[in-house]
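Peer 1: Here's a sequence, model it:
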Amino acid sequence: MATLEQSFADFLIHLGIEKNSSAYTVKSYREDLTQVLGAIREQLAKPQLQPGDWNTRSLRAVSAWLHNQGYAKSTIARRLAAIRSFGKYLCREGILEANPAEALRTPRQDKKLPHFLTLDDVRKLLLAPLAVPQAPNDPMILRDLAMLETLYSAGLRVSELTGLNVPDVDLSDGVLVVRGKGRKERLALLGGPAVVTFKGWLFERSILLREHHQEQNEAVFLNHRGTRLTTRSIGRILNKYLQAAGLDPRTTPHTLRHSFATHMLDAGADIRGVQELLGHKSLATTQIYTHITTQRLQDSYRKAHPRS
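Peer 2: Numbering: from 1, shown residues only. Here you go, the predicted model:
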């Protein structure tokens with residue numbers, strides 16, 4: 001019979017090929033479950049594990065260990081979700097009869113409202129690239145403007161931005177084809193300013209690709225060498241402009257997605273429409289932004305109403 005470690009390797013292949021999960025998702029499962037398997041090996045003092053070692057007792061001990069290590073509730077919840085998924089796979093393959101992870105309790109999550117930028121903050125951020133001294137002569141300024149405008153205008157995840165290819169872009173209608181979680185496709189919309197900066201960048205992009213003899217590269221957003229930008233690079237670029245604009249350093253590319261959703265709902269957009277634009281599977285995920293707008297209304301009421 002295969003060891004648990006061998007089944008784990010097969011599970012990762014199953015995620016990548018059969019489930020069509022993203023490389024980031026597979027990486028997260030690998031890291032989470034590698035830690036869990038290591039904890040069980042240490043607990044049982046065994047160099048290798050058998051399927052029978054993946055039982056309720058061992059998994060409860062791992063759960064207790066995660067709590068004792070002081071991990072955040074969100075981290076523990078993610079580890080437990082990975083444990084459940086692996087157990088489900090073991091049952092599907094006939095390796096286990098029942099999933100022992102079903103007996104585990106996920107810690108109750110603290111409700112944290114996502115950080116977002118005000119409209120004024122967004123304007124400052126989008127003006128920051130134009131204030132760079134070399135802005136008039138640096139084609140990468142147009143790239144940075146197009147990236148920031150697109151993140152905010154379309155409410156994209158940063159991985160969706162880096163994954164954009166030229167055939168995914170229809171600037172005549174201001175529409176993008178975006179591949180979200182699980183590589184599920186959806187349409188995203190671009191506003192007027194985003195379309196303008198996008199056109200400017202695509203012109204400079206074609207020059208850059210010719211210089212580096214990479215005309216076959218379909219990636220929209222490129223680095224100086226003419227290759228696809230990474231999510232980490234976009235984070236560094238954003239940090240540069242946050243510092244220049246004097247904005248909250250907690251801001252990440254995902255903050256612009258939060259800001260997009262918050263401002264849409266503030267302006268009266270239909271929540272189901274926002275859900276579709278964000279690519280959320282569940283409406284409950286989108287509803288977190290209604291809590292933000294409600295809280296802001298309550299704060300305004302308490303400050304302004306004489307009998308609040």
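Peer 1: drop to CA atoms for contacts and neighbour counts, all remaining ones
Peer 2: Noted.
Peer 1: In a helix, Gln43, correct?
Peer 2: Yes - the assignment for Gln43 by DSSP: H, G, I helix; E, B strand; the rest coil puts it in a helix.
Peer 1: In contact with it, which residues?
Peer 2: Contact analysis of Gln43 by C-alpha atoms under 8 Å, 6 or more residues apart in numbering lists Ser58.
Peer 1: pLDDT-wise, which helix or strand of this protein ranks last?
Peer 2: Every helix and strand of the chain was ranked by mean pLDDT, DSSP states H and E. The lowest is helix 283-304, at a mean of 68.
Peer 1: what's the nearest residue to the residue most central in space within the chain if we skip its chain neighbours?
Peer 2: With distances taken as C-alpha atoms, centre = their mean, the residue of the chain nearest its centroid is Arg157 (5.1 Å). In space, and not counting its chain neighbours, Arg157 is closest to His254: 6.1 Å by C-alpha to C-alpha, 6 or more residues apart in numbering.
Peer 1: Same question for Lys199.
Peer 2: Setting aside the residues directly before and after it, Lys199 is nearest to Leu171 in space (C-alpha to C-alpha, 6+ apart), at 7.7 Å.
Peer 1: hang on, isn't the one you found packed against Thr197?
Peer 2: No - judged on C-alpha atoms under 8 Å, Leu171 makes no contact with Thr197 at a distance of 10.7 Å.
Peer 1: out of those two, which sits in the more crowded spot?
Peer 2: Shown here are Leu171 and Thr197; by other C-alpha atoms under 10 Å, Thr197 has more neighbours (20 against 16).
Peer 1: in stretch 176-183, what's buried?
Peer 2: Within stretch 176-183, the residues that qualify as buried by neighbour count (16 or more other C-alpha atoms under 10 Å) are 176-181.
Peer 1: What is the end-to-end distance of that stretch?
Peer 2: Criterion C-alpha to C-alpha, to the nearest Å; first-to-last residue distance in stretch 176-183 is 14 Å.
Peer 1: How about residues contacting it?
Peer 2: 19-22, 157, 160, 163-164, 168-170, 185-190, 279.
Peer 1: The nearest residue to Leu148 once chain neighbours are set aside and Ile141: what is the separation?
Peer 2: In space, and not counting its chain neighbours, Leu148 is closest to Leu126: 6.8 Å by C-alpha to C-alpha, 6+ apart. Distance, Leu126 to Ile141, by C-alpha to C-alpha: 11 Å.
Peer 1: Tell me if Leu247 really is in a helix.
Peer 2: No - per three-state DSSP, Leu247 lies outside any helix segment and is coil.
Peer 1: That one contacts Asp120, doesn't it?
Peer 2: No - with contact defined as C-alpha under 8 Å, Leu247 does not reach Asp120; the gap is 10.5 Å.
Peer 1: now for the helix or strand containing Phe260, which elements pack on it?
Peer 2: Here Phe260, judged by DSSP states H and E, is contained in helix 253-266. With contacts taken as 3 or more C-alpha pairs under 8 Å, 6 or more residues apart in numbering; DSSP states H and E, helix 253-266 sits against helix 139-154, helix 231-245, helix 271-278, helix 283-304.
Peer 1: which residues are contacting that helix?
Peer 2: Residues from elsewhere that reach helix 253-266, judged by C-alpha under 8 Å, 6+ apart: 114-119, 151-158, 234-235, 238, 271, 274, 278, 289-290, 292-293.
Peer 1: any weak-confidence spans in the stretch 101-250 of the chain?
Peer 2: 109-113, 135-136 (pLDDT under 70).
Peer 1: who's Arg186 bridged to?
Peer 2: Residues in a beta bridge with Arg186, per DSSP bridges, are Val178.
Peer 1: before we move on, the earlier item: I'd like the distance between the residue nearest to the centre of the chain and Leu148.
Peer 2: 12 Å.
Peer 1: Report the two of the buried residues of stretch 176-183 separated the most.
Peer 2: Largest separation among these by C-alpha to C-alpha: Leu176 and Lys181, giving 15.7 Å.
Peer 1: What is the neighbour count of the nearest residue to Glu102 once chain neighbours are set aside?
Peer 2: Nearest residue to Glu102, sequence neighbours excluded (C-alpha to C-alpha, 6+ apart): Arg84, at 6.9 Å. Arg84 has 18 neighbours, counted by other C-alpha under 10 Å.
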